[in-house]
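Engineer: only geometry, no sequence info:
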């Protein structure tokens, strides 16, 4: 091989390495996951809500099958520790928590106790947490019991609640609106398809995209607050239940993971919904298959998306590169964990449950928490 050929090959190899480096961020660029102080209680399928003062309200969830919590605690990012706060009026798992414009938190529905054990099953009750007093007070009940429902804050300051599993555990199509100014619920148009274990996202124009879920699968529809009506939109590229959906900074919606059925068949696939075209487009797969992740994603201040649950490692989606990158270990998979963006740009990851390992009462939830540092 002559000298010019060797030089050319060397330049090609160098260029290849430089291009690989440009498309593959270093571990420093991707960020890292570090262990934080533990929560007071083991929790999965709980809620984690960022309060106006920067603390995070952690409420309810399950310790294991049939052991549901009414306890709540607060994470203080200034100290890095969890402190107890007053308990909820009811035990709840699969409930929703929505930060209201007045800084209070609306807790709605959930499973309060298994019916075959004498419990009330899925409930319609609500309660409101006031950070100023640290207490929960009863709120007005919804029109129907719900668990695993969608709950989002509309741009008009009202809360839309849709779908979920009803008192008979069947998926619901009904929807209702909570108005914090009147402290009342009013029914609104029903979804076209009954859904539970779905994901809902408020689009930049104020409409709400709902995707997948039991009986919905790959179907998607959009709610218009102005008319109170739902309409069908393009179908997802794959069936999904217990997946995640989150609004990207550019107004599109990233949809990740889930299972194509009610079994443990997590997927790596991801797709993006574009509200300008009403179409879903498949993108590169995640690094790891994930499901049971409806609250496991957060938009970081750098525009990337953190996904930290449903698998043993966290990862981030880089919208510019169109790829996912591993971002740190959680030791093992944590299903129904919660991820919350903190005001300083870090993210809090809490709880979730792992494999049952032959336990007679099913898998045990974790009290562990982590901090993702960009």
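Structural biologist: Great, that's in hand. Here the structure is a predicted model, which means the values were calculated and not measured.
Engineer: test my guess that residue 345 contacts residue 301.
Structural biologist: Yes: the criterion here is CB atoms under 8 Å, and residue 345 meets it with residue 301 at 4.5 Å. Where you see a C-beta, it was placed from the backbone N, CA and C, and this is true even at glycine.
Engineer: show me the contacts for the one residue sitting closest to the centre of the chain.
Structural biologist: In the chain, the centroid-proximal residue (CA atoms, centre = their mean) is residue 295; its distance is 1.5 Å. Counting by CB atoms under 8 Å, 6 or more residues apart in numbering, residue 295 touches 47-48, 244, 309, 336-339.
Engineer: which among those residues gets closest to residue 107?
Structural biologist: Distance to residue 107 across the contacts of residue 295 (CB to CB) is lowest for residue 47, with 7.3 Å.
Engineer: partners of that closest one in the sheet?
Structural biologist: Beta-bridge partners of residue 47, counted by DSSP bridges, are residue 59.
Engineer: I'd guessed it sits against residue 56; true?
Structural biologist: No: using CB under 8 Å as the test, residue 47 is too far from residue 56 to be in contact (9.9 Å).
Engineer: show me which of those two is the more surrounded one.
Structural biologist: residue 47 (27 against 22; other CB atoms under 10 Å).
Engineer: does residue 116 count as helix, strand or coil?
Structural biologist: At residue 116 the chain is in helix, as set by DSSP: H, G, I helix; E, B strand; the rest coil.
Engineer: and it, how many neighbours?
Structural biologist: 8.
Engineer: what separation is there between it and residue 169?
Structural biologist: Distance, residue 116 to residue 169, using CB to CB, to the nearest Å: 11 Å.
Engineer: please apply the same query to residue 163.
Structural biologist: From residue 163 over to residue 169 (counting by CB to CB), the distance is 13 Å.
Engineer: the two - which one has more neighbours?
Structural biologist: Set residue 163 next to residue 169 and count neighbours by other CB under 10 Å: residue 163 wins out with 29 against 13.
Engineer: summarise which helices and strands the helix or strand containing residue 272 is packed against.
Structural biologist: Residue 272 belongs to strand 270-274 when assigned by DSSP states H and E. With contacts taken as 3 or more CB pairs under 8 Å, 6 or more residues apart in numbering; DSSP states H and E, strand 270-274 sits against strand 253-256, strand 279-282.
Engineer: among those, which comes closest to residue 88?
Structural biologist: Of the helices and strands packed on strand 270-274, nearest to residue 88 by CB to CB is strand 253-256, at 29.8 Å.
Engineer: what pLDDT does the residue nearest to the centre of the chain get?
Structural biologist: On pLDDT, residue 295 comes in at 97.
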